[in-house]
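Q: this is a predicted model, with the sequence first.
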Amino acid sequence: LVQFLQELTKDRILIAPVREHELVSFSPVADAGQIDFAFQNSFVPPKSWFFPQTEQIFSFRLEEGKYELSTPSLPGEAVLFGVHPCDLKSILALDPVFDGKFDDNYYCDRRKNTIIIGLGCQSVGRNCFCFKVGGGPLESNGSDIFLIPTGGDFLAEGLTDKGTELINKYSRFFSDSSAEQIDKEKREGTDRLLKQPTGLKGDFNLAKVKAFLDANYEIPYWEELSYRCLGCGICTYLCPTCHCFDINDYARSGLEGERIRCWDSCQFKDFTLMAGGHNPRPSKKERVRNRFLHKFKYHEDRYGLFGCVGCGRCVQKCPVNIDPRKIILDLQEVAGNE
């Protein structure tokens, strides 16, 4: 596998999970030996390849009384390797946002020029709950090629034309495997992984939660939950499906500058502050409510997919232990008492 990935670097950008200072992040790699194949989850999700935390939209320059605009050249063909099933699902949730009614060419061009190689999970973390929100540790949907760990080797599954073409091009690194063998390994591997202990208790009924949220906007629960929230935004910055952004112009001088897009957060007070001073989400209650309604109602209303993939990043990093798993169970309980 390392040899195959090293070969890819000759004519493509290779983005892969790399461990540095105990944190795993998706970064461009020139040496495939740097790749971490056994990581549980990356700190920042791989959405940052398609939707960077900061990117230039264009630069401008005033010369002889006229403005000249120039757009940056986007990266060439790439392979995004090692994407776990929860993050594969998150990219599918982002696609209709950036490539739907309005096309975001910055996202779409990267997406079109990238082959995604998914990597099945080798362990389930205490904060993981993909299997409770319609996913699973060996779900391959969203990848062009999916690799299933088999204890030293990997079974490769070509899922799209792009993926199959890449396998055929580098066929010397692959041996034949049957669809039956792949299905068997997925089934047995999933059963084995789901027996590992997690920090999750209770069953989810997202349809019940969605129906309750459809009918109940103002409930005391959001006020109670907001008392704990610091409004730091770490949950949204690490979430693989959050996609809020801000745009700012920076002038390097009176004659030239650039327009920059950067991630933003609906948990920040100024996010919805309007020029006239009105803020439709003036308190943490409204902002916390918006976050969870977006995950379990709004995104599903618009695109038919829930906005939470169960990656567990927000569970792990929230400084005050606001846990969406408990919130789902709480809402189910409140719904049952209605």
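A: Ah, there it is.
Q: which residues are in contact with residue 51?
A: The contact partners of residue 51, taken as CB atoms under 8 Å, 6 or more residues apart in numbering, are 94, 98, 107, 243, 245. In short, each C-beta sits where N, CA and C put it, glycine included.
Q: pick the one among the residues you listed closest to residue 334.
A: Set against residue 334, the nearest of the contacts of residue 51 by CB to CB is residue 243 (28.4 Å).
Q: would you say the closest one is within a helix?
A: No. Residue 243 sits outside any helix when classified using DSSP: H, G, I helix; E, B strand; the rest coil, being coil.
Q: what about it, distance to residue 303?
A: In this view, residue 243 and residue 303 are 12 Å apart by CB to CB, to the nearest Å.
Q: ok, residue 79 next?
A: Applying CB to CB, the value for residue 79 to residue 303 is 26 Å.
Q: surely residue 18 meets residue 25?
A: Yes. With contacts counted by CB atoms under 8 Å, residue 18 reaches residue 25, the gap being 6.4 Å.
Q: re the thing from before, any common contacting residues for residue 243 and residue 303?
A: residue 97.
Q: looking at these two, which is more packed in?
A: residue 243 (20 against 16; other CB atoms under 10 Å).
Q: skipping its backbone neighbours, what lies nearest the more buried one in space?
A: Distances taken as CB to CB, 6 or more residues apart in numbering place residue 97 nearest to residue 243, at 5.4 Å, with adjacent residues excluded.
Q: over to residue 242?
A: Spatial nearest neighbour of residue 242, chain neighbours left out: residue 236 (4.4 Å); criterion: CB to CB, 6+ apart.
Q: do the same with residue 50
A: Spatial nearest neighbour of residue 50, excluding adjacent residues (CB to CB, 6+ apart): residue 110 at 4.9 Å.
Q: list the buried ones in stretch 158-178?
A: Within stretch 158-178, the residues that qualify as buried are 158, 159, 163, 166, 167, counting by 16 or more other CB atoms under 10 Å.
Q: out of the residues you listed, which one sits closest to residue 274?
A: So of these, ranked by how close each gets to residue 274 (CB to CB), first place is residue 159, at 44.6 Å.
Q: any idea how far that closest one lies from residue 146?
A: Relative to residue 146, residue 159 is positioned 6 Å away (criterion: CB to CB).
Q: so how many other residues sit close to residue 80?
A: 24.
Q: what does residue 288 give?
A: A total of 26 residues lie near residue 288 under the criterion other CB under 10 Å.
Q: residue 103 and residue 111, how far apart?
A: As judged by CB to CB, residue 103 and residue 111 stand 11 Å apart.
Q: just the helices from the stretch 1-150 of the chain, written as ranges.
A: Along the stretch 1-150 of the chain, counting by DSSP state H, counting those that start in this stretch, helices occupy 2-8, 47-50, 85-98, 105-112.
Q: list the buried ones in the longest one?
A: Buried residues in helix 85-98, counting neighbours by 16+ other CB under 10 Å, are found at 85, 86, 87, 88, 89, 90, 91, 93, 94, 95, 97, 98.
Q: need the residues you listed in TSV with distance to residue 255, can you?
A: Shown next, in TSV, are the buried residues of helix 85-98 (distance: CB to CB, whole Å):
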residue	distance to residue 255
85	49
86	47
87	42
88	45
89	46
90	41
91	40
93	42
94	37
95	39
97	36
98	33
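Q: nearest to residue 212, of those residues?
A: The nearest member of the buried residues of helix 85-98 to residue 212, counting by CB to CB, is residue 93 at 21.5 Å.
Q: hang on, the closest one packs against residue 299?
A: Yes. Assessed by CB under 8 Å, residue 93 is found in contact with residue 299 at 6.7 Å.
Q: find the residues that touch each one of those two.
A: Residues touching both residue 93 and residue 299 (CB under 8 Å, 6+ apart): 241, 305, 306, 307.
Q: would you list these in TSV and tack on neighbour count?
A: Converted to TSV, these look like this (neighbours: other CB atoms under 10 Å):
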residue	neighbour count
241	25
305	18
306	22
307	26
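Q: now stretch 135-143: buried residues?
A: For stretch 135-143, burial by neighbour count (16+ other CB under 10 Å) applies to 135, 136, 137, 138, 139, 140, 142, 143.
Q: give me the contacts around it.
A: Counting by CB under 8 Å, 6+ apart, 83-86, 88-89, 91-92, 116-118, 120-121, 124, 128, 130-131, 146, 148, 157, 159, 163, 186, 189-190, 193-194, 309-310 sit against stretch 135-143.
Q: quick check on those: which are buried?
A: Judged by 16+ other CB under 10 Å, buried ones among these: 83-86, 88-89, 91, 116-118, 120-121, 124, 128, 130-131, 146, 148, 157, 159, 163, 186, 189-190, 193, 309-310.
Q: and those, which of them are in strands?
A: 83, 116, 117, 118, 146, 148, 157 (DSSP state E).
Q: just to revisit the earlier point, out of the buried residues of stretch 135-143, flag the one nearest to residue 179.
A: The closest of the buried residues of stretch 135-143, once distances to residue 179 are taken by CB to CB, is residue 140, at 12.2 Å.
Q: which phi and psi does that closest one have?
A: Dihedral angles of residue 140 (phi, psi; degrees, to the nearest 10) stand at phi -100, psi -10.
Q: what are the boundaries of the strands in the stretch 201-338 of the chain?
A: Assigned by DSSP state E, counting those that start in this stretch, the stretch 201-338 of the chain shows strands spanning 245-251, 256-263.
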